[in-house]
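# sequence and computational prediction follow.
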Amino acid sequence: MRQDFSEHHRTITRAALDQMLGFQQNPTGIDSTHPRVTFDNVLKGKLGEAAWAVRLGYGVDAILDDGPHRPDFEMRGWKLDVKTSQLTSSSINVRSYYLDKPDLDSWVILGALCDIDTWTVELAGSIRANRLSEWAVSDPESGHSTSYIRVPIDALNGVDG
């Protein structure tokens, strides 16, 4: 079911701007894309995080407490990381470095599909990170230096009503 998050646009935009500021203060070298493209990608990610924050009972403000190398949420011993794609996408992308995590069995990837123009999100489901090895590692996309894994949306466990 598609949800409208336009009423939370200020909080989501603030979280995206905070993350962009973090990129400027601590450049990772991962992206060499134009800042506008990077911002749209960050906004897309924050929109997906906001939808999962509400679903998990945290509220949208939970996305403001974000930091590098940390899961988006933690719940009952699980580390939850949201990955968001365009509403029309058939997959989500997960960076391949997940496969090297020593605690991979405690991570869960939460998938979301969104449209940043309409502020709408559909929750796609989840997958345990230890299943990521089922898919091939793809070379970095243009402007990126990190390989990724394309996980089909239909491989995710659905989201109940």
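Yes, it's here.

# and the strands in this protein?
Applying DSSP state E to the chain gives strands spanning 2-4, 73-75, 78-86, 91-95, 107-115, 120-128, 137-138, 148-152.

# deepest-packed of the ones you listed, please.
Ranked by mean neighbour count, the strands of the chain are led by strand 107-115 with a mean of 23 (mean count of other Cβ atoms under 10 Å). (Glycine included, C-beta is placed from N, CA and C.)

# residues touching that strand, excluding its own?
Identification of contacts with strand 107-115 by Cβ atoms under 8 Å, 6 or more residues apart in numbering yields 44, 47-49, 51-52, 71-72, 78-89, 92, 94, 98, 101, 120-130, 132, 151, 153, 156.

# convert the C-alpha atoms of that strand to PDB, please.
What follows is strand 107-115, C-alpha atoms only, in PDB (Å, rounded to 0.1, in the frame of the first residue of the first chain):
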ATOM      1  CA  TRP A 107      21.500  -7.600  10.000                       C
ATOM      2  CA  VAL A 108      18.200  -7.300   8.200                       C
ATOM      3  CA  ILE A 109      17.700  -5.200   5.000                       C
ATOM      4  CA  LEU A 110      14.300  -3.400   4.900                       C
ATOM      5  CA  GLY A 111      13.200  -2.500   1.300                       C
ATOM      6  CA  ALA A 112      11.100   0.500   0.300                       C
ATOM      7  CA  LEU A 113      10.000   1.900  -3.000                       C
ATOM      8  CA  CYS A 114       9.300   5.700  -3.300                       C
ATOM      9  CA  ASP A 115       8.600   8.700  -5.500                       C
END
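
# for the protein, what helix or strand is lowest in average pLDDT?
Here the helix or strand of the chain ranked lowest by mean pLDDT, DSSP states H and E is helix 9-25, holding a mean of 87.

# can you redo the strands of the chain as CSV with mean pLDDT and distance to Asp18?
Shown next, in CSV, are the strands of the chain (pLDDT from 0 to 100; distance: least, Cβ to Cβ, whole Å):
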stretch, mean pLDDT, distance to Asp18
strand 2-4, 96, 23
strand 73-75, 95, 17
strand 78-86, 97, 16
strand 91-95, 95, 21
strand 107-115, 98, 19
strand 120-128, 97, 20
strand 137-138, 94, 29
strand 148-152, 97, 24
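
# quick check: which of those strands is nearest to Leu21?
strand 78-86 (19.9 Å; Cβ to Cβ).

# what strands line up against the closest one, and which way round?
When sheet partners are counted by DSSP bridges, strand 78-86 sits next to strand 73-75 (antiparallel), strand 107-115 (parallel).
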